[in-house]
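Peer 1: Need coordinates for the following:
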Amino acid sequence: MMARARLAAAALMLVPVALGGGLAARAASGHSVTVIVTNVRNNAGHVHIDVCPQGLFLKDNCPYMADAPAHAGTTRVVVNGVPAGDYGIQATHDENDNHKVDRNFLGMPKEGIGFSRDAPIHLSPPSWKDAVISVRGDASFSLRMRYMLGKSGPDQR
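Peer 2: Numbering: from 1, shown residues only. Below you'll find the predicted structure:
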């Protein structure tokens, strides 16, 4: 069991360590991507969204990003200026507003994480093919925040 936890922790270390470390793409052109994040466990901090092209998925320098104050249950975040294309969405619940994903001694996230299409996390980060979404105009997607440690969000899954 401990070995499995270490493997999961190692895999999750690939989840971005910094929030908003990328280029601030706020171009007037492009589309609005609305992300409805469910299972947010409390009102603390902010929910951060990165919309990443394939080469930057699971990294900390995605070019399109936004934050919104966390709302227990559901938080809505709008990312503007996203050109048409295929992307993976990664979400974090930065409960203490320190602009990074806090981790335990094994490297597992102490704060919530989520991915487009609710891509599964099985002892490794989600794959691009499980998370990829297409943006062809203004779009809306939903994803579920997951907490690896501590109390989960309202839906307790």
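
Peer 1: Regarding the residue nearest the centre of the chain, which helix or strand does it belong to?
Peer 2: The centroid of the chain falls nearest to A91 when counting by Cα atoms, centre = their mean (1.5 Å). A91 is located in strand 85-94, with elements delineated by DSSP states H and E.

Peer 1: In that strand, which residues are buried?
Peer 2: Of the residues in strand 85-94, 87-94 count as buried by neighbour count, 16 or more other Cβ atoms under 10 Å. (C-beta placed from N, C-alpha, C; glycine too.)

Peer 1: And the residues you listed, which is closest to V135?
Peer 2: For those, the closest approach to V135 (Cβ to Cβ) belongs to Y87, at 6.1 Å.

Peer 1: Retrieve the pLDDT associated with the closest one.
Peer 2: pLDDT recorded at Y87 is 98.

Peer 1: Tell me what it is bridged to.
Peer 2: Listed beta-bridge partners, Y87: I133 (assigned using DSSP bridges).

Peer 1: Could you give the average pLDDT over stretch 132-144?
Peer 2: Regarding stretch 132-144, the rounded mean pLDDT is 98.

Peer 1: Check which residues of that stretch are buried.
Peer 2: Residues of stretch 132-144 classed as buried: 132-133, 135, 139, 141-144 (neighbour count, 16+ other Cβ under 10 Å).

Peer 1: which of those lies closest to G30?
Peer 2: Taking the buried residues of stretch 132-144 together and measuring to G30 by Cβ to Cβ, the closest member is V135, at 8.8 Å.
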